[in-house]
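In: sequence unavailable; structure follows:
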């Protein structure tokens, strides 16, 4: 029988412990709209599958989820295409920067995994090709997962990101060159930027990822249906590929499947136990939240709860 833990007390203790890291890093300034975010914010929210929640700080403040959106687009694409999806996208860690062109060219236009930019651009293409109204379908899916109908896109962030998407455009044209993009490049990039612009709070993200933490139950939400096996596959890719080229470090220090975004958010799950989301806009040079990373490392250490 699992010993009862006072998670609220543990979280409050951790938040004091990580204060020395508060001055480290900086927010993502290569996307103009993100450069204006107050960097001195921090929030954390834990959702246990038995319904008990613990939280601290700016857990209800909305922020740009950025690459965390790739988990949602992967779930939708996998529900549409099934195993055929893996003919267009790989399942291996990249070991390269999330926006690398070199690896994509070397591997003839097949992205290494769904969570690097090239892979997520292919996911956007799949959704555009197979959904009547992909923007509406995507946001409705996210709203249903987190139980908050107020969750929405940020047009300012989407336009800001699209306006400086030169490297992503290069990736998209390379995908097109290799026959791995069906739709118009501009249409795919606009939809990709729109998905990245979704704004959620730590509470929203934690609630949304409960569906992935329930890994022993079939996944059926807002028209997205996945078998237990396919949810397990998504979680496995989060474990190996969820943190850009720092996935190994996160697995080593934290030991949970998860996904980060350059908006400063990180969400992680302990299958059949909990979902947890943290946010602080200050990033390390790999694009991951420094305070968020450290908070999760201390959380799994102090609770002795990781998948290892």
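Out: Now that the structure is in, tell me what you want to look at. From a predicted model like this one, the values you see are computed outputs, not experimental measurements.

In: how about the helices in the stretch 101-250 of the chain?
Out: Using DSSP state H, counting those that start in this stretch, the helices assigned to the stretch 101-250 of the chain run over residues 102-106, 117-130, 134-146, 155-163, 166-177, 185-196, 202-208, 210-213, 228-241, 247-253.

In: switch the ones you listed over to a markdown table; also include distance to residue 280 and mean neighbour count.
Out: For the C-beta atoms, the positions are set from N, CA and C on the backbone; glycine is no exception. Formatted as a markdown table, the helices of the stretch 101-250 of the chain follow (distance: least, C-beta to C-beta, whole Å; neighbours: other C-beta atoms under 10 Å):
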| stretch | distance to residue 280 | mean neighbour count |
| --- | --- | --- |
| helix 102-106 | 29 | 15 |
| helix 117-130 | 23 | 24 |
| helix 134-146 | 20 | 19 |
| helix 155-163 | 18 | 18 |
| helix 166-177 | 25 | 18 |
| helix 185-196 | 18 | 22 |
| helix 202-208 | 10 | 27 |
| helix 210-213 | 22 | 22 |
| helix 228-241 | 20 | 19 |
| helix 247-253 | 15 | 18 |
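
In: right, so of the ones you listed, which gets closest to residue 86?
Out: Evaluated with C-beta to C-beta, the helices of the stretch 101-250 of the chain place helix 228-241 nearest to residue 86, the distance being 9.3 Å.

In: and the closest one, what does it pack onto?
Out: Packed against helix 228-241 by the contact rule (3 or more C-beta pairs under 8 Å, 6 or more residues apart in numbering; DSSP states H and E) you find helix 69-81, helix 210-213, strand 219-221, helix 247-253, strand 258-260.

In: any low-confidence regions in the chain?
Out: Residue ranges of the chain with pLDDT under 70: 1-3, 95-99.

In: distance of the residue nearest in space to the middle of it relative to residue 22?
Out: What sits nearest the mean C-alpha location of the chain, by C-alpha atoms, centre = their mean, is residue 68, with 1.7 Å. With distances defined as C-beta to C-beta, to the nearest Å, the gap from residue 68 to residue 22 amounts to 22 Å.

In: re the thing from before, can you redo the helices and strands packed on helix 228-241 as a markdown table with distance to residue 131?
Out: A markdown table is the format used below for these (distance: least, C-beta to C-beta, whole Å):
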| stretch | distance to residue 131 |
| --- | --- |
| helix 69-81 | 8 |
| helix 210-213 | 19 |
| strand 219-221 | 15 |
| helix 247-253 | 29 |
| strand 258-260 | 22 |
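
In: so which of those gets nearest residue 169?
Out: helix 69-81 (18.1 Å).

In: tilt between that closest one and helix 134-146?
Out: If you take axes from the mean of the first three to the mean of the last three C-alpha atoms, to 10 degrees, helix 69-81 sits at 110 degrees to helix 134-146.

In: list the contacts of helix 69-81.
Out: Surrounding helix 69-81, the residues in contact under the criterion C-beta atoms under 8 Å, 6 or more residues apart in numbering are 85, 114-115, 119-120, 123-124, 126-127, 130-131, 137-138, 141-142, 145, 195-196, 198, 208-209, 212, 219, 224-226, 230, 233-234, 237-238, 259, 261, 267.

In: ok, now stretch 198-209?
Out: Residues contacting stretch 198-209 (C-beta under 8 Å, 6+ apart): 43-47, 53, 55, 58-65, 68-69, 71-72, 139, 142, 145-148, 151-154, 157, 265, 267, 269, 275-279.
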